[in-house]
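> Have a look; sequence and predicted model below, questions after that.
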Amino acid sequence: MKYKENLEDYLSTYIEDPFAAENKRMLNAYVDRCVKYSSNKEKYLELGIGHGVVLNKLSENFEHTLVIEGAPSLVKEYSDAHPNVSVYETMFEEYEPLEKFNNIGMGFILEHVDDPAQVLTQFRTFLSKQGSIFVGVPSASSLHRMLANRAGLLDDIRMMSETDFKFGHKRFFTFEDWIALFSSLNFNIVRSEGLSLKPFSTSQLESLNLKREVLLALDDIACKYPEMANSLFFELKNE
């Protein structure tokens, strides 16, 4: 295992990221679904702070939220942000809770870890009997990547860019790849939805200066067609 990397190395990329607005939209869509589909609002475990966007909404909707985070500076920044949120510094793979959780969130972290199957297998043991794991991930089968591939501009839709590596991404899975991973671990995939639809590159979309209503319409379409969405949401159960 090589998960002792320095997570601080990736923070400046996210802070200075030209895709910040896009990332915020995806995180908001992810956490909105976590709140919507959670059956119990008592306790919630989230892996990663998620730029504070996720933290804020969880604090508003759950009695108590525990967040585990591997970047010390983020832990320091958000430790006292909300009275009903506890932030614990640890690598995900080293975490051993003393309790079970009805809700466990993995918002855009499985593309970062060395072994997503190991993390999923580890954290499913922390679920209560009827508990759910909520997963948010990017998708290589996004419409804009399929379009670029068909136009001869991208050799492989799973190909990672220099920006992906700067973000600390270790893989780029398609919708079907994620389904195959969860199925191989015998999860019950309760639901799979798209979070955002991206027909063109970020710079191209910015040049169009689309109205908020259009962006929301794209995300609404993504929900119904996860196979071509730019980011995905899954709810997983043990049974």
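Nice, I can see it.

> Which secondary structure elements does the longest helix along the chain sit against?
The helix that spans the most residues within the chain, counting by DSSP state H, is helix 20-37. Judged by 3 or more C-beta pairs under 8 Å, 6 or more residues apart in numbering; DSSP states H and E, helix 20-37 is in contact with helix 53-61, strand 101-107, strand 127-138, strand 188-196, helix 212-224, strand 231-237. For the C-beta atoms, the positions are set from N, CA and C on the backbone; glycine is no exception.

> For S196, list the residues it contacts.
22, 25-26, 29, 218-219, 222, 229-231 (C-beta atoms under 8 Å, 6 or more residues apart in numbering).

> re earlier: and the helices and strands packed on helix 20-37 as a markdown table, adding mean pLDDT and distance to C34?
Below are those laid out as a markdown table (pLDDT from 0 to 100; distance: least, C-beta to C-beta, whole Å):
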| stretch | mean pLDDT | distance to C34 |
| --- | --- | --- |
| helix 53-61 | 94 | 7 |
| strand 101-107 | 97 | 5 |
| strand 127-138 | 97 | 5 |
| strand 188-196 | 98 | 11 |
| helix 212-224 | 93 | 15 |
| strand 231-237 | 99 | 8 |
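
> Among those, which comes closest to F173?
Among the helices and strands packed on helix 20-37, strand 127-138 comes nearest to F173, with 7.0 Å by C-beta to C-beta.

> Name the helix or strand of this structure that has the lowest mean pLDDT.
helix 11-15 (a mean of 49; mean pLDDT, DSSP states H and E).

> sorry, back to before: closest to G152 out of the helices and strands packed on helix 20-37?
strand 127-138 (22.7 Å).

> Against which helices or strands is that closest one packed?
Checking 3+ C-beta pairs under 8 Å, 6+ apart, strand 127-138 ends up next to helix 20-37, strand 101-107, helix 116-124, strand 231-237.

> what comes up buried for it?
Buried residues in strand 127-138, counted by 16 or more other C-beta atoms under 10 Å: 127, 131-138.
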